[in-house]
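>>> Take a look and give me a structure for this.
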Amino acid sequence: MKWFGWINVVAIIAGFWVFYGAAGVAGLTGWFIAVNWVNVILAITQFYFAYKKTVAQAH
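Below you'll find the model as predicted:
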């Protein structure tokens, strides 16, 4: 699960970089922002559960 979290971090960086670096398409702007923020929430959730499991095993 940690790997998928890190993959999402790369996708988030690339997604926002492409969004702010490319010329905007009016019809896709809202969807692009929504997908990027959903990916942020997904990455946070994946890191939370992955590292929570790791810390719990250490105790």
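
>>> packing partners for the longest helix seen in the chain?
The residue-count maximum for a helix in the chain (DSSP state H) belongs to helix 29-58. Judged by 3 or more Cβ pairs under 8 Å, 6 or more residues apart in numbering; DSSP states H and E, helix 29-58 is in contact with helix 2-21. C-beta coordinates here come from the backbone N, C-alpha and C atoms, glycine included.

>>> Counting by contacts, list what the helix it packs on packs against.
Using 3+ Cβ pairs under 8 Å, 6+ apart, helix 2-21 sits against helix 29-58.

>>> okay, the angle between the helix it packs on and helix 2-21?
160 degrees (axes from the mean of the first three to the mean of the last three Cα atoms, to 10 degrees).

>>> Residue ranges in the chain under the pLDDT threshold?
1, 23-25, 53-59 (pLDDT under 70).

>>> how about 80 then?
Scanning the chain for pLDDT under 80 picks out the ranges 1-5, 19-28, 53-59.

>>> hang on, Phe19 packs against Phe32?
Yes: Phe19 lies in contact with Phe32 (Cβ atoms under 8 Å); the separation is 5.3 Å.
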